[in-house]
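S.K.: any chance you could fold what I've pasted below:
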Amino acid sequence: MNTPSADSVVVGFDRSQAAAGALHWSADEAARRDTELHIVHALGFYQPDTSHQSLADKDLLAAEEDVEQAARLAQEGREGLVATWEVVWGDPVAALIRVSRQVALVVVGARGLNRFTAVLLGSVSQRVAAHSVGPVVVVRGTQDRGDVAIPGAVVLGAAPGESPQAVEFAFAEAARWHAPLHVVRAWMYPQALPGYLAVPPPDAEEHVAMERAELADMLASGRNAFPDVDVTVEIRLTEPEEALINASHTAHLVVVGARRHRPSFSMPLGKVVQRVLHHAHCPVAVIPT
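M.R.: Okay, here's the model as predicted:
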């Protein structure tokens, strides 16, 4: 078993097509970070039984061969990339959450092999995004590796009071990929009638000015730390998830913050993060706050 270093990029791997996409994305990310790629393949729960030991050994050997091949594939065309791997018995969610405590980034595909529980987003991907200790990227969309040379923008969903961690992550990714940073802020006006919005122009202008001033303060530290990143700001009167999903069509990555301390009986991920994870057209980074 290999132990990943603190600055490693870790990717969850199985035999699914989505995992192959996550492998390529994470390998490119690790190469950009000049760090190690660590591949984790969990075989699910297994209760030791001497009568089934030969079957377990066979499954383990097959999995090791698959992951070793995946490591070689990740290194193709990425000179100097170090790819390590491990195969573990147990729940893949638990394995990835455990490793998220000690690495820089965990990457998963949008769907695994079990499509019955993955109508929109795979159960493993959703649970890892909801409970990971560190940043998680869920790789979805149909971007080709040929597009890597000219990435789209990094999109930051900047909610009111957005965490410094999410802002810093978005700026760092934009700088790492030599991509512009597109900051999206959405706001809603109280509806007089269901489905009907009527915003007096003076009220809208005043509110947009207030939002712009708050965003300037929020982004100040990132601009100072990454002065070469080209930043654009978009403030829209719409649902935030709609604005982010629309922006994801041409984006390299969408970054959203996710509160880990939520009220009792609420969903582990908020409505906006859930919908973006289910419907975005590019990878989504979930930054725990």
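S.K.: could I have the CA atoms of stretch 276-284 written out in CSV?
M.R.: Extracted as CSV, the C-alpha positions of stretch 276-284 are listed here (Å, rounded to 0.1, in the frame of the first residue of the first chain):
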residue,chain,number,x,y,z
VAL,A,276,-24.9,22.3,-9.9
LEU,A,277,-23.4,18.8,-9.2
HIS,A,278,-26.3,17.2,-11.0
HIS,A,279,-26.6,19.5,-14.0
ALA,A,280,-23.2,21.2,-14.7
HIS,A,281,-21.6,20.7,-18.1
CYS,A,282,-18.0,20.6,-16.7
PRO,A,283,-16.2,19.4,-13.6
VAL,A,284,-17.3,20.9,-10.3
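S.K.: which residue comes closest to Ala19 once chain neighbours are left out?
M.R.: Once flanking residues are discounted, Ala19 sits nearest to Gly109: 4.6 Å by Cβ to Cβ, 6 or more residues apart in numbering. For glycine as for every other residue, the C-beta is placed from the backbone atoms N, C-alpha and C.
S.K.: in the stretch 101-250 of the chain, which spans are strands?
M.R.: For the stretch 101-250 of the chain, the strands defined by DSSP state E, counting those that start in this stretch occupy 105-109, 136-139, 154-157, 181-187, 231-237.
S.K.: what number of residues lie near the residue nearest to Ala19?
M.R.: Gly109 has 27 neighbours, counted by other Cβ atoms under 10 Å.
S.K.: over to His178?
M.R.: When neighbours are counted by other Cβ under 10 Å, His178 registers 13.
S.K.: could you find the closest non-adjacent residue to it?
M.R.: Pro151 (7.7 Å).
S.K.: burial count for that neighbour?
M.R.: For Pro151, using other Cβ under 10 Å, the count is 21.
S.K.: surely it and Ala175 touch.
M.R.: No - here Pro151 does not reach Ala175: they are 11.9 Å apart, not a contact under Cβ atoms under 8 Å.
S.K.: wait, what's in contact with Ala175?
M.R.: By Cβ atoms under 8 Å, 6 or more residues apart in numbering, the residues touching Ala175 are 226, 228-229.
S.K.: got TSV for these, with neighbour count, pLDDT and distance to Thr3 too?
M.R.: TSV is the format used below for the contacts of Ala175 (neighbours: other Cβ atoms under 10 Å; pLDDT from 0 to 100; distance: Cβ to Cβ, whole Å):
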residue	neighbour count	pLDDT	distance to Thr3
Phe226	18	98	31
Asp228	7	98	35
Val229	21	98	33
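S.K.: between these, which sits nearest Ala280?
M.R.: Nearest to Ala280, judged by Cβ to Cβ, of the contacts of Ala175 is Val229 at 21.4 Å.
S.K.: Arg236: what's it in contact with?
M.R.: 184-187, 243 are the contacts of Arg236 under Cβ under 8 Å, 6+ apart.
S.K.: nice, that's everything, thank you.
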